[in-house]
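Asker: got a predicted structure plus its sequence, pasted below:
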Amino acid sequence: MTDKQEEGLDERRRRLAAELAQRGVADKTEERDEKRAEETRKGYGMAMKISSEFISAVIVGAILGYLFDHFVGTGPWGMIVMLLLGFCAGVLNVMRTVGMVASAHPADRKMDLTNKGEDR
């Protein structure tokens, strides 16, 4: 009778080990899928940020150009120039966000460091 009990226990242990192994694989797969989904969400967030910065720079340039033309009466030239400047500013913002361009001029960084030292 003891041999049958030990065989039954061994069989249950094997089944339990197999079930735990299957659940472990399923848990790892779920973790991997969740990490991938999180990275995708971060990418979408960054894309929305970049696109909104670019579009807002172009729109602000167009509005400023329109207002300049309206009050000064220079015709379409103010809007054309300001629209192009807005486009350039939008491209520069995108490049800064992506990391292709440094965030500030070295002289500006030097001034930031001296200002930080005065605050203390």
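Answerer: Yes, it's here. Residues are numbered from 1 along each chain as shown.

Asker: could you use CA atoms for every contact and neighbour count after this?
Answerer: Will do.

Asker: what number of residues lie near the closest residue to Ala102 other than its chain neighbours?
Answerer: Nearest residue to Ala102, sequence neighbours excluded (CA to CA, 6 or more residues apart in numbering): Arg96, at 6.3 Å. Arg96 has 15 neighbouring residues, counting by other CA atoms under 10 Å.

Asker: same check on Gln22?
Answerer: As a burial measure, Gln22 scores 11 neighbours (other CA under 10 Å).

Asker: that one is in what secondary structure piece?
Answerer: Element membership for Gln22, per DSSP states H and E: helix 2-72.

Asker: pLDDT (mean, whole number) over that helix?
Answerer: The pLDDT scores in helix 2-72 average 86.

Asker: repeat that for stretch 82-102.
Answerer: For stretch 82-102, the per-residue pLDDT averages 89.

Asker: right, and the helix or strand after the helix holding Gln22?
Answerer: Sequence order places helix 77-98 as the next helix or strand after helix 2-72, per DSSP H and E.

Asker: touching that next one from outside, list them.
Answerer: Identification of contacts with helix 77-98 by CA atoms under 8 Å, 6 or more residues apart in numbering yields 50-51, 53-66, 68-69, 101-103.

Asker: now which of those would you call buried?
Answerer: Neighbour-count burial (16 or more other CA atoms under 10 Å) applied to the contacts of helix 77-98 gives 50, 53-54, 57-62, 64-66, 68-69.

Asker: quick check, central residue of the protein?
Answerer: Met46 (2.8 Å; CA atoms, centre = their mean).

Asker: residues in contact with it?
Answerer: By CA under 8 Å, 6+ apart, the contact set of Met46 is empty.

Asker: gap between it and Met95?
Answerer: Distance, Met46 to Met95, using CA to CA, to the nearest Å: 13 Å.

Asker: over to Gly24?
Answerer: Distance from Gly24 to Met95, counting by CA to CA: 43 Å.

Asker: neighbour count winner among the two?
Answerer: Met95 (15 against 12).

Asker: okay, now Lys35: neighbour count?
Answerer: For Lys35, the neighbour count with other CA under 10 Å is 12.
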